[in-house]
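[1] Here is the input, now give the coordinates:
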Amino acid sequence: MKKQILFAAVIAAISAPVFADADVEAHVSTLGLGLGMGFQATDTIVARIGFNEFNKNFSTSSGTLNYDGKLKLSSLDALLDWHLFGGATHLTAGIMSNNNKFNLTATPDANGNYTINGTQYSAATVGTLNGNVAFNSAAPYLGFGWNSQPKNKGLEFKSDIGIMFQGSPKATLSYTGTQNSSISSQVAAEQASLNDKLKNYKYYPVISFGIGYAF
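    Now for the predicted structure:
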C-alpha cells in the first residue's frame with residue numbers, strides 16, 4: 001500500500017499547479033478500500049486517480065481438490081469522468097493497473113491424500129500443492145456514476161458502477177514433492193480444468209461508494 005500512496009502523492013504534487021480545483025476521497029468498493037483524488041480538467045471533465053486494497057482468506061474447491069486461499073485485491077486507476085450537462089451524473093472511461101490475484105494451497109483429505117484429476121496420491125509424495133490465479137495487468141474500465149465536481153467546493157458523496165475488463169483469469173498449479181511424470185501430468189490436467197472453469201470471468205463488476213471533500 002505504501003507504493004500506491006506514494007504514487008497518488010506524486011501525481012497530486014505534479015497535477016496541483018495545473019488544476020485549480022481538486023478533491024480527495026475515501027471509498028469502499030468491490031475492488032476493496034481505497035483513496036483517490038480528482039482534478040477539474042474542463043468545465044465538464046474530471047480526471048481521477050486512485051488505489052484500492054483488500055485481503056481476505058477463504059476456502060473453496062475445484063473438482064476433487066479443496067483449497068485454502070487468500071484473495072489479494074490491489075489496483076491503481078486513472079479515469080476520466082464526463083459530467084453530462086455539467087451535472088452530477090457522469091460517464092467514466094479509463095485504465096486500471098490490475099494486481100488482483102488469488103493464492104491457493106490444496107488441503108489433503110482426512111486420510112492424508114490428494115485426488116488430482118481423479119488420481120489419488122499421498123500428501124507425503126505430492127508435498128505442498130500450490131496455485132495462483134492472476135489477471136491481465138492492464139484492464140480498461142467503463143462505467144457511470146453520480147457525484148459533485150471539484151469546482152463545487154465542500155463535502156461530497158460519490159457512487160460509481162462499472163465494469164473492469166480484466167480478461168480471462170490465468171491459473172498456475174505446482175507441487176513441491178517428488179517430481180515424476182505421473183503427478184506432473186495430473187497437475188497439468190488439473191490446471192487446465194481450473195483455467196477452463198475460469199475462462200468466462202472476463203468482466204469484473206465495480207460498485208463503489210465514497211465520501212470526499214473539494215478544496
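[2] next structured bit after the helix or strand where Tyr121 lies?
    Using DSSP states H and E, Tyr121 sits within strand 119-122. Following strand 119-122 in sequence order, the next helix or strand is helix 123-126 (DSSP H and E).
[3] tell me which residues of that next one are tucked away?
    123, 126 (16 or more other CB atoms under 10 Å). Using the backbone N, CA and C atoms, a C-beta is placed for each residue, glycine as well.
[4] likewise stretch 60-70?
    By neighbour count with 16+ other CB under 10 Å, stretch 60-70 contains the buried residues 62, 65-67, 69.
[5] Next: stretch 187-201.
    Neighbour-count burial for stretch 187-201, counted by 16+ other CB under 10 Å, picks out 187, 189-191, 193-195, 198.
[6] Tell me who's in contact with the residue nearest to Asn55 when sequence neighbours are not counted.
    In this structure, Asn55 finds its nearest non-sequential neighbour in Lys72, 5.5 Å apart by CB to CB, 6 or more residues apart in numbering. Contact partners of Lys72, counting by CB atoms under 8 Å, 6 or more residues apart in numbering, are 54-55, 99-103.
[7] Just put those residues in a markdown table and tack on neighbour count and pLDDT.
    Converted to a markdown table, those look like this (neighbours: other CB atoms under 10 Å; pLDDT from 0 to 100):
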| residue | neighbour count | pLDDT |
| --- | --- | --- |
| Phe54 | 17 | 97 |
| Asn55 | 10 | 97 |
| Asn99 | 17 | 96 |
| Asn100 | 23 | 96 |
| Lys101 | 16 | 96 |
| Phe102 | 19 | 93 |
| Asn103 | 16 | 96 |
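[8] Pick the one among those residues closest to Glu156.
    Phe54 (23.3 Å; CB to CB).
[9] how far away is that closest one from Lys101?
    Separation of Phe54 from Lys101 (CB to CB, to the nearest Å): 12 Å.
[10] Same check on Ala88?
    In terms of CB to CB, Ala88 sits 35 Å off from Lys101.
[11] And whichever helix or strand Ser97 is part of, what does it pack against?
    Using DSSP H and E, Ser97 maps to strand 89-98. Counting contacts by 3 or more CB pairs under 8 Å, 6 or more residues apart in numbering; DSSP states H and E, strand 89-98 packs against strand 65-83, strand 138-146, strand 154-165.
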